[in-house]
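1. Sequence first, predicted model second:
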Protein chains: 2
Amino acid sequence: MINKVNEVKLFGGRQIRYEHPSSVLNCTMQFSVYLPPQAEQQPVPALYWLSGLTCTDENFSSKAGAQRVAAELGIALIIPDTSPRGEGVPDDANQAYDFGLGAGFYVNATQAPWNQHYHMYDYIVQELRELVEKELPVTQRRAISGHSMGGHGALVMALRNPELYTSVSAFAPICHPTQCPWGHKAFSGYLGDDQAAWQEYDATELLLRLRKAPPMLISQGEADNFLAEQLRPDDLANAIAETGVEATFERHEGYDHSYYFIASFIEQHLRFHAEKLFN
Amino acid sequence: MINKVNEVKLFGGRQIRYEHPSSVLNCTMQFSVYLPPQAEQQPVPALYWLSGLTCTDENFSSKAGAQRVAAELGIALIIPDTSPRGEGVPDDANQAYDFGLGAGFYVNATQAPWNQHYHMYDYIVQELRELVEKELPVTQRRAISGHSMGGHGALVMALRNPELYTSVSAFAPICHPTQCPWGHKAFSGYLGDDQAAWQEYDATELLLRLRKAPPMLISQGEADNFLAEQLRPDDLANAIAETGVEATFERHEGYDHSYYFIASFIEQHLRFHAEKLFN
């Protein structure tokens, strides 16, 4: 069951925010959807977009300029929030930007108190997908993309579920979270000391182990403040080279970590996904 | 003298925020600029964008998607704030959204205490223009556009200074401010009871009196909440018809007052201005 919170016309299509009770997250969630004009005639394929730290469904919706291209190509955009929300959902004691609310890290938490709500992995891969495909005019052709923490989420979900996604892309993803401060903090908190669990949410480690992946496009700005310490693109680039999977890894001189970087290259990403979604 | 606050790469060009002391506004002001890649080689023409109530230079910069088209066409975007700012600048006693900070209405205030700072008309038409053309790689070919309160500002400035602007456009402008609640409140506060002064800041009245204008494009959403009470597009459309000036007035079914509306049609506006700017 989903409830429409608001709807706005955009590039001939409809930008809609929905609210629904999530049993996986044990709270009420909001997410945004862009339905291109083509969806008024027949179901269309969908691109899931996973946002980064501190974001909601609003950032990508208002800043990336993706709907223009989605309207041209006939792709729905599914834009979830980045963590469970609501009064009963615990937050970091210091309201840190990189743990708790707005920072679900797309894992299934095993540690109290987080394990009562923080199951963003299952929410995206299963519950939201089933809900969207039951309630909205989308087909079962899906691609997935994201930014930073959301780039990490998209890569992990696609690597672990290649049958669910035709293609995966990421902007400035956290490539090797078991080896960076953001990942250490999130995984320690949500998953505890179980290193095997950490590996299940690390794109570089997953690729090295599974040695296959849906077609992949990764864009990284060279002026990104988080480049060396948090994102570690070389680690994933090396894993791609070692495993020989189908992937394009682009470095862009002068671009930073912001939505201005995403806006500059989102059209390329959407056209990449369209090629797979419509095949 | 201008001071760069920050700079981000975007669509191959540069999105920059500047800070400068404004003698017209008697405070320190910030504004944003998008310099397209072409500006690295030679000066380019400029489009001034005036934002609406509650906005700063940030809203248009991050939400409209204009830079993509500006980069293609080789047009600089000059994006000022919507009022004077800073500790010494008085605000509405109730911090209303439609008067005081964020709501300068692009007039030269004559009433105390507003007349110490609120001279957004002279700031845009003269001080900022001269500053930008002295300090940045832009030519003296200029166009002007804006949204809502900023659409009002753009129309008024172009009608009163047709020699300064090759063309003017507006999204959901306040067309007849002497006849709507927003205009009454702003003009009473900033200009007092002097009805002759009010007329100088009313696009419909100015057009009926001056009977000429730079080429004009106006876009209005039919699902705009403010349509009948505040914006009064019919009044301006009638004045256009009566005076026979070169103008296109488009109504768009289903679109609202938000930046999603602007994003949907900003490319059309930029191409309209480019045709005049490069002639």
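-> Structure received.

2. dump the residue contacts of A:Pro90.
-> Residues in contact with A:Pro90 (Cβ atoms under 8 Å, 6 or more residues apart in numbering or on different chains) are A:Gly100, A:Pro113, A:Trp114, A:Gln116, A:His117. All C-beta atoms are positioned from the backbone trio N, CA, C, and that covers glycine.

3. next one: A:Val156
-> A:Val156 neighbours (Cβ under 8 Å, 6+ apart): A:Tyr106, A:Tyr121, A:Glu200, A:Tyr201, A:Asp202, A:Ala203, A:Leu206.

4. per-residue pLDDT, the residue lying closest to A:Asp57 once chain neighbours are set aside?
-> In space, and not counting its chain neighbours, A:Asp57 is closest to A:Ser32: 4.0 Å by Cβ to Cβ, 6 or more residues apart in numbering or on different chains. What the model reports for A:Ser32 is a pLDDT of 98.

5. Repeat that for the one 10 residues further on.
-> Looking at A:Gln42, its pLDDT is 97.

6. Check A:Thr28 too.
-> Looking at A:Thr28, its pLDDT is 98.

7. Let's test this: mean pLDDT of the longest helix along chain A, rounded?
-> Counting by DSSP state H, the longest helix found in chain A is helix A:259-277. What helix A:259-277 shows for mean pLDDT is 98.

8. for chain B, what are the nearby residues on the stretch 151-279 of chain A?
-> When proximity is defined by Cβ under 8 Å from any Cβ of the partner chain, the stretch 151-279 of chain A lies next to chain B at A:Gly221, A:Ala223, A:Gly254, A:Tyr255, A:Asp256, A:Ser258, A:Tyr259, A:Tyr260, A:Phe261, A:Ala263, A:Ser264.

9. B:Ala172: which of those is nearest?
-> A:Ala263 (23.2 Å; Cβ to Cβ).

10. can I assume that closest one is in contact with B:Gly65?
-> Yes - under the criterion of Cβ atoms under 8 Å, A:Ala263 makes contact with B:Gly65 at 7.0 Å.

11. more neighbours, those two?
-> B:Gly65 (24 against 20; other Cβ atoms under 10 Å in any protein chain shown).

12. before we move on, back to that, name the residues contacting each of A:Ala263 and B:Gly65.
-> In contact with both A:Ala263 and B:Gly65: A:Gly65, using Cβ under 8 Å, 6+ apart.

13. For the host helix or strand of the residue nearest to A:Asp57, which strands pair with it and how are they oriented?
-> Using DSSP states H and E, A:Ser32 sits in strand A:27-35. Using DSSP bridges, strand A:27-35 pairs in its sheet with strand A:13-22 (antiparallel), strand A:76-80 (antiparallel).

14. Using the three-state scheme, assign the closest residue to A:Phe226 other than its chain neighbours.
-> Closest residue to A:Phe226 apart from its sequence neighbours, by Cβ to Cβ, 6+ apart: A:His257 at 5.7 Å. Secondary structure, DSSP: H, G, I helix; E, B strand; the rest coil: A:His257 is coil.

15. Hmm, A:His257 is touching A:Gly151, no?
-> No - using Cβ under 8 Å, A:His257 is not in contact with A:Gly151; the gap is 10.8 Å.

16. out of the residues of the stretch 151-279 of chain A next to chain B, who's nearest B:Thr54?
-> A:Tyr259 (20.3 Å).

17. Count the residues that sit near the closest one.
-> 24.

18. what's the closest residue to it other than its chain neighbours in contact with, if anything?
-> Closest residue in space to A:Tyr259, ignoring its immediate chain neighbours: A:Lys63 at 4.0 Å, by Cβ to Cβ, 6+ apart. Applying Cβ under 8 Å, 6+ apart to A:Lys63 gives the contacts A:Tyr259, A:Ile262, A:Ala263, B:Ser62, B:Lys63.
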